[in-house]
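**Q** here is a sequence together with a model predicted from it:
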Amino acid sequence: VGAVGRWDIRQNTPSVTLNGHTLTKIGSSEFCLVAAQVYGSGHMVTTQGIFRLEGATRLNGDAANTLTVKPGARLDLYSFSSATNASPWTLIFEPLS
């Protein structure tokens, strides 16, 4: 996913279902999950710009799920509480080469 400017998934019980797929955030824009539910096994990768988890966003799934932040990208946690998460995720920050 990518956009010009900020793009949110929010309101009316938003959800993202991975089902074994990878959600990849591209471009210099900001992509935000706001009070969203993330379901299923899978991965999220941000290659550029800002990927934000905000508010009551809940990361469901299992310990095999990963959230990867590539060099030059940024993960932003805004009013985000890890206590609201149903399962562990692996957070990977890739080093500059």
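**A** Good, I have the coordinates.
**Q** walk me through which strands the lowest-mean-pLDDT helix or strand in the chain pairs with, and which way each runs.
**A** Evaluated with mean pLDDT, DSSP states H and E, the helix-and-strand set of the chain has its lowest mean pLDDT in strand 58-59, which scores a mean of 88. Based on DSSP bridges, the strands next to strand 58-59 in the sheet, each with its direction, are strand 37-39 (parallel).
**Q** could you report the neighbour count for the closest residue to Ser15 other than its chain neighbours?
**A** Distances taken as C-beta to C-beta, 6 or more residues apart in numbering put Gln37 closest to Ser15, at 4.4 Å, once the chain neighbours are dropped. Heads up, the C-betas are built off the backbone N, CA and C, glycines and all. Counted with other C-beta atoms under 10 Å, the neighbours of Gln37 add up to 16.
**Q** and Gln37, how far from Val45?
**A** The spacing between Gln37 and Val45, counted by C-beta to C-beta, to the nearest Å, is 19 Å.
**Q** poorly predicted segments of the protein, please.
**A** Judged by pLDDT under 70, the chain has its weakly predicted residues at 82-86.
**Q** many thanks, I have nothing further to ask.
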